[in-house]
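Student: build me a model from this:
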Amino acid sequence: MAIERMAIVGKGAVGLLYGSIAAAHLDAGAVTYVMDDARFERHRHDRTLINGVQCDIETLPVSDLASERPFDLVVLATKATGLDQALSTMEALVSPNTCIISLLNGIRSERIIAERFGWQHTVLSVAQGMDAVFLNGELTYTHPGEIRFGAAEETNPGVVDSIAAFFRRAGIPHTVEANVEHRLWTKFMLNVGINQTCMAYGGTYGTATAPGEQNRCFIAAMREAMAIARAEGIELTEQDLGDMVNLIASIDPAGMPSMAQDRVAHRRTEVEEFAGTVIRLAEQHGILVPQNRWLYDRIREIETSW
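Tutor: Okay, the predicted model is just below:
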């Protein structure tokens, strides 16, 4: 099927980044942001800048879509903490033929989505390599990164090809993964390290990759996630770990991942998706994860201080 219309649920750093790229390459009306009605009312007068340029992409409350035909592609780009509300919003956007791609952090969102909408048109995916920072209504970035995605076991034939064809037309950097499950866990390992370290220390990509305590935390947390992945049957390697460290070293050292931005803005973090998941799986497999236990406690302590 040809994808012509894309709805994005989530208007933060990732949603704005890829939505603005697509809108610059496609016809008017091809990209729409959709919010639940309460969120729309809170943000309807917000002014959003993307690298200094006003973002004028259409944003609609979900109640306005009752008479609209469903979208061909729904991109979920909220934080993991907003997943439940996003699923309710998606009810008005998804038909039996709508393709779904989730750019949420962690390793759980696609399964949760498929429980409600089915696996047939849902793919597995990650967004990585971007240095986007979204604070005070302004998104800045120099590296757009890319979306890496592939079929789950029950994804219908042709769905991945349809999304890839749309991304090519939309100018969205992407790679189709033959082993997307491995990619999903590699990104999870990276987030467990970089997101949580920068949040716990108030650091940046540069401080986490420079020699010192933050770097030791970054690497130790990833090694624990690697051990969990292997216990779950995913063979992450030292090469995978080294590739992720090099990826972070290649982007703006002054930039910061989403959880570090949450610390600045006093927003609830995704620690449950990272250290929380590592700890739960570690208990199932009898694996020691002291670095992630420390990160979990430290991040919760910081959140409580707000």
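Student: what's the closest non-adjacent residue to residue 230?
Tutor: Nearest non-adjacent residue to residue 230, counting by C-beta to C-beta, 6 or more residues apart in numbering: residue 236, 6.5 Å away. The way it works is simple: take the backbone N, C-alpha and C, and place the C-beta from them, glycine included.
Student: the one you found should be in a strand, yeah?
Tutor: No. Counting by DSSP: H, G, I helix; E, B strand; the rest coil, one finds residue 236 to be coil, located in no strand.
Student: ok, it - contacts?
Tutor: 182, 185, 186, 189, 225, 226, 229, 230 (C-beta atoms under 8 Å, 6 or more residues apart in numbering).
Student: also residue 114?
Tutor: Per C-beta under 8 Å, 6+ apart, neighbours of residue 114: 122, 152, 154.
Student: among those residues, which one has the most neighbours?
Tutor: Counting neighbours by other C-beta atoms under 10 Å, residue 122 comes out on top of the contacts of residue 114 with 28 neighbours.
Student: give the bridge partners for that residue, please.
Tutor: Counting by DSSP bridges, residue 122 forms beta bridges with residue 100.
Student: and what of the one 5 residues further on?
Tutor: The residues paired with residue 127 through beta bridges, assigned by DSSP bridges, are residue 147.
Student: so which of the contacts of residue 114 would you say is closest to residue 278?
Tutor: Comparing the contacts of residue 114 against residue 278 with C-beta to C-beta picks out residue 152 as the nearest, at 22.5 Å.
Student: ok, the closest one - contacts?
Tutor: Taking C-beta under 8 Å, 6+ apart, one finds 110, 114, 119, 122, 123, 124, 180 in contact with residue 152.
Student: host element of the first one?
Tutor: Meaning residue 110. Using DSSP states H and E, residue 110 maps to helix 109-117.
Student: what pLDDT, on average, does that helix get?
Tutor: Mean per-residue pLDDT for helix 109-117: 95.
Student: just give me how far that helix sits from the chain centre.
Tutor: In terms of C-alpha atoms, centre = their mean, to the nearest Å, the centre of helix 109-117 is set 15 Å apart from its chain centre.
Student: please apply the same query to stretch 281-301.
Tutor: Centroid separation for stretch 281-301 versus its chain: 22 Å, with C-alpha atoms, centre = their mean.
Student: what's the span of it, first residue to last?
Tutor: With C-alpha to C-alpha, to the nearest Å as the measure, the ends of stretch 281-301 fall 22 Å from one another.
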